[in-house]
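**Q** Structure of the sequence below:
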Amino acid sequence: MKIEETIFFNNSWRWSSFLKYLIAKLAKYDCSKYNIPSEYEYRQSTFGSKKNKQNVTLFTWGAVHPRINLARAVCIDSPNYSVLNFLIIPNQIYNIPFFGLDFVSLPSKHLLVLDFQPSLPIEKQFDMNLLKRVVRLKNQFHDKISTAEELPIELSKFFSPGMIWSKLPKDEYSEKLISTNLFTSFQSYLDLYLEALSKSKKVEPELQKEIIIGQTTYLNFRKENDPARPMLKSLFGSEFCESLIQNVLFAIN
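**A** Modelled structure (predicted):
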């Protein structure tokens, strides 16, 4: 099934404009479709009590490129949850962070995370000009929208000083902010990331080894501590949840 034929390309899904943009942008950079195993690509299920059964749909989309080991988007739609989780895992021969976003609509609020997520210490992975540009984008966003609470120390090393991190109530004003401020920031972040990735030079073998270790550490941490795990278990069951996390979302190539 093509993702273009699903609810996720319908404007009724909260994150459809974001998904369409990232797929179109990656296509412009000559990314090729990655064939997600069928058991993870499209899945429908029901959840809730017998008196209040609700339908939920999941689609996992993927792309690859000589500079990208895997770019994958996980999309979820249900009456209570609307999720776009996207991660670019760059080829380890380039010293560039991950690109990660989590846009999650829960029954009462939206959780928003957008960042260039480092696999090495900031000073070793970020060109200072690039970091300044990311921080500038973050500040422009958070001038209008408040930052959520500070992250725990064990999480902070996996995020950059340019991280967007916010919580918004589910109301009309938040919808406007998401459609305007967040969407513009998302476009700018993705455009900047792909520009930086396309200009990156291949690294020496010793640095490549460090990047491989750093990426592996990050992906293993996400496997063990994915905050989406409780939601995925409640929607699709424990077995599918763990298999998806281990084999697709944070798989180590």
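
**Q** Residue 12: neighbour count?
**A** Look at residue 12: counted by other C-beta atoms under 10 Å, it has 8 neighbours. For the C-beta atoms, the positions are set from N, CA and C on the backbone; glycine is no exception.

**Q** Verify the stated contact: residue 30 with residue 65.
**A** Yes. Using C-beta atoms under 8 Å, residue 30 is in contact with residue 65, at 6.7 Å.

**Q** of these two, who's got more company?
**A** A side-by-side neighbour count of residue 30 and residue 65, using other C-beta under 10 Å, places residue 65 first with 20 against 9.

**Q** who's in contact with that one?
**A** 26, 29, 30, 31, 32, 71 (C-beta atoms under 8 Å, 6 or more residues apart in numbering).

**Q** before we move on, what about residue 152?
**A** Applying C-beta under 8 Å, 6+ apart, no residues contact residue 152.

**Q** Could you pull up phi and psi at it?
**A** phi -60, psi 150 (degrees, to the nearest 10).

**Q** ok, now how distant is it from residue 164?
**A** 18 Å (C-beta to C-beta, to the nearest Å).

**Q** try residue 224
**A** Using C-beta to C-beta, we find residue 224 at a distance of 24 Å from residue 164.

**Q** repeat for residue 228
**A** 18 Å.

**Q** And residue 40, by the same measure?
**A** Counting by C-beta to C-beta - residue 40 and residue 164 are separated by 28 Å.

**Q** just residue 238 next, same as before
**A** 31 Å.

**Q** Could you export the contacts of residue 65 to TSV, including columns for pLDDT and distance to residue 246?
**A** Output for the contacts of residue 65, formatted as TSV (pLDDT from 0 to 100; distance: C-beta to C-beta, whole Å):
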residue	pLDDT	distance to residue 246
26	98	24
29	95	28
30	96	30
31	97	24
32	96	24
71	97	19
